[in-house]
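# here are the coordinates; sequence isn't available:
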């Protein structure tokens, strides 16, 4: 038995790495998300949203629909669950509000049209405010 112990002691075990990934795979992944402008309440924006439609034949197609309006609120802008609340006035004079998740893959891009002077972070008073707000210059 002493011979068996000596033979096992002389053998050195080489531990293999658990994961067989290459060096390239071990590098941290780059964030491939789209570039999002810094959004503030009071900005007039165009949100390009991807919408899936089904034809009469049952064929599915994707199109981009633009929703242009003023941002009333920005919630958690730097997180994955960040949202913006955009309000527009439709053709019949009816106000329409829509909440967009900023990081959603359905949002194609967000264009800034103009910026108004806002002293508050939540502009809910614009829902029943009749006056026009003054626009400021873009920097």
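Arrived safely, thanks for sending. Predicted model, so just to flag it, every value in this text is computed and none were measured.

# List the residues that contact the residue minimising distance to the centre of the chain.
Centroid-nearest residue in the chain: residue 103, 1.3 Å away (criterion: CA atoms, centre = their mean). Contacts for residue 103 (CB atoms under 8 Å, 6 or more residues apart in numbering) come out as 33, 36, 80, 81, 82. The C-beta positions use only the backbone N, C-alpha and C, and glycine is treated the same way.

# By neighbour count, which of those wins?
residue 82 (17 neighbours; other CB atoms under 10 Å).

# thinking that residue is in contact with residue 102, fair?
Yes - using CB atoms under 8 Å, residue 82 is in contact with residue 102, at 4.4 Å.

# ok, which stretches of the chain are strands?
Using DSSP state E, the strands of the chain run over 43-54, 60-75, 83-89, 95-101, 107-116, 135-136.

# closest one to residue 122 among those strands?
Closest approach to residue 122 among these (CB to CB): strand 60-75, 4.7 Å.

# in its sheet, what does the closest one sit against?
Looking at strand 60-75 with DSSP bridges, its partner strands are strand 43-54 (antiparallel), strand 83-89 (antiparallel).

# ok, the nearest residue to residue 86 once chain neighbours are set aside to residue 43 distance?
With sequence-adjacent residues excluded and distances taken as CB to CB, 6 or more residues apart in numbering, residue 86 is closest to residue 69, at 4.4 Å. Taking CB to CB, to the nearest Å as the measure, residue 69 falls 10 Å from residue 43.
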